[in-house]
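# turn this into a structure:
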Amino acid sequence: MSQNKTRPNDRGVKKFVSGISDEKKREDALSLLELMKQATKTEPRMWGDSLIGFGSYHYRYDSGREGDYFMTGFSPRKQNLTIYIMPGFDKYKDIMKRLGRYTTGKSCLYIKKLEDVDLTVLKELIRQSFTDMKKANK
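Numbering: from 1, shown residues only. The predicted structure follows:
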């Protein structure tokens with residue numbers, strides 16, 4: 001069975017973020033990095049080439065495929081800041097109502113720029129989803 005391409009590595013998180021060419025995106029990534037460190041009380045790690053993850057858990061699907069992934073993280077993509085809320089969003093509807101302007105995928109929160117959201121609410125969402133992931137993976 002093939003290995004997951006998105007694995008933790010020893011590439012430097014700060015080096016990655018400092019290499020973001022768009023100044024605004026770089027500033028938002030630095031702010032988000034600090035916010036997530038505070039919310040998770042863990043240090044970030046690079047996963048793959050462009051994902052910054054916090055914590056990790058082991059998963060196993062019914063198909064037999066298994067691997068490790070981060071409990072929360074983000075990637076400063078060209079179009080959006082993509083924040084990974086691994087439990088999804090159904091459980092956090094009340095928080096999401098207070099967040100601001102965003103779109104979502106299954107477990108991806110897409111934000112154009114940090115000014116579009118309430119950072120206190122974003123921190124609450126990250127903290128709660130991270131806590132839920134830790135509880136679910138004990």
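
# any regions of the protein where pLDDT drops low?
Low-confidence segments of the chain (pLDDT under 70): 1-4.

# show me the strands in it, by range?
Under the criterion DSSP state E, the chain contains strands at 8-9, 44-47, 51-54, 57-60, 66-69, 72-76, 81-85, 103-104, 108-111.

# among those, which is nearest residue 29?
Set against residue 29 and scored by C-beta to C-beta, these come closest in strand 72-76, at 4.2 Å. (C-beta placed from N, C-alpha, C; glycine too.)

# partners of that closest one, with directions?
If you go by DSSP bridges, strand 72-76 pairs up with strand 51-54 (antiparallel), strand 81-85 (antiparallel).

# redo those as CSV? Include distance to residue 116 and mean neighbour count.
Output for the strands paired with strand 72-76, formatted as CSV (distance: least, C-beta to C-beta, whole Å; neighbours: other C-beta atoms under 10 Å):
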stretch, distance to residue 116, mean neighbour count
strand 51-54, 20, 23
strand 81-85, 9, 22
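
# any chance of the ones you listed in CSV, with distance to residue 108 too?
Converted to CSV, the strands paired with strand 72-76 look like this (distance: least, C-beta to C-beta, whole Å):
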stretch, distance to residue 108
strand 51-54, 11
strand 81-85, 5
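
# can you give me the offset of stretch 21-34 from its chain's centre?
From the chain centre to the centre of stretch 21-34 is a distance of 14 Å (C-alpha atoms, centre = their mean, to the nearest Å).
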